[in-house]
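A.B. asks: Next comes the sequence, and after it the predicted model I'd like to discuss.
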Amino acid sequence: DGPEAGVQLQHLEARAAGCDRIEFLGQLDRPALTREFQRANALIVPSRGAEQFPLVILEALLQKTPVIGHDAGPIREIIEESRGGWVYRNDEELQKILEALVESPGSAREAGEHGRQVSTSKWSEESYFERYFAAIDELTDPRGPVR
């Protein structure tokens, strides 16, 4: 966010001018965001800098939307662990992934399914709280930690 984001958005909109397959949606509420993920073929995450844990990836995976992520920070780990998409390092690799998805849309559905399963069992709010309370129970058990 901030002034730099506005300049970047203007630059992206100028580059996409005339391309009817690119649409800038702006800020969306949760139901609208969910609908967009569900209708998307994939989410491209072009981040070049390291984010700790890009939530947009989890949001996509929870909706069975596969992720195509730039090899930066933890993006590779999340995609590989979830088997929910593909990682690219340059424009040529991104182009090859996109072409492969056009030729084999079933691979996107399969990646979306894997991503949903892993993200639900590992990174969802419910699974987090299960592990959290299990750790508290173990630490507070008068018989000591379970070994």
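C.D. replies: Noted; the coordinates are in hand.

A.B. asks: Show me where the protein has its strands.
C.D. replies: 43-45, 67-70, 85-88 (DSSP state E).

A.B. asks: what pairs with the last one, and is each one parallel or antiparallel?
C.D. replies: Using DSSP bridges, the strands paired with strand 85-88 in its sheet are strand 67-70 (parallel).

A.B. asks: low-scoring stretches of this structure, by residue?
C.D. replies: 1-5, 144-147 (pLDDT under 70).

A.B. asks: Find the residue at the geometric middle of it.
C.D. replies: For the chain, I57 is the residue whose C-alpha lies nearest the centre (Cα atoms, centre = their mean; 1.4 Å).

A.B. asks: what's near enough to touch that one?
C.D. replies: Neighbouring residues of I57 by Cβ atoms under 8 Å, 6 or more residues apart in numbering: L43, V45, V67, G69, I75, I78, I79. For the C-beta atoms, the positions are set from N, CA and C on the backbone; glycine is no exception.

A.B. asks: Please check these and keep the buried ones.
C.D. replies: Among the contacts of I57, those scoring as buried are L43, V45, V67, G69, I75, I78, I79 (criterion: 16 or more other Cβ atoms under 10 Å).

A.B. asks: The fifth one contacts P46, correct?
C.D. replies: No - using Cβ atoms under 8 Å, I75 is not in contact with P46; the gap is 9.9 Å.

A.B. asks: Turn the strands of the chain into CSV, columns for distance to D137.
C.D. replies: Shown next, in CSV, are the strands of the chain (distance: least, Cβ to Cβ, whole Å):
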stretch, distance to D137
strand 43-45, 36
strand 67-70, 34
strand 85-88, 35
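
A.B. asks: For the longest helix along the chain, name the packing helices and strands.
C.D. replies: For the chain, the helix with the greatest residue count under DSSP state H is helix 105-122. In terms of contacts (3 or more Cβ pairs under 8 Å, 6 or more residues apart in numbering; DSSP states H and E), helix 105-122 is packed against helix 55-62, helix 75-82, strand 85-88, helix 91-103.

A.B. asks: how much does the second one deviate in direction from helix 105-122?
C.D. replies: This points to helix 75-82. Between helix 75-82 and helix 105-122, the angle comes out at 90 degrees (axes from the mean of the first three to the mean of the last three Cα atoms, to 10 degrees).
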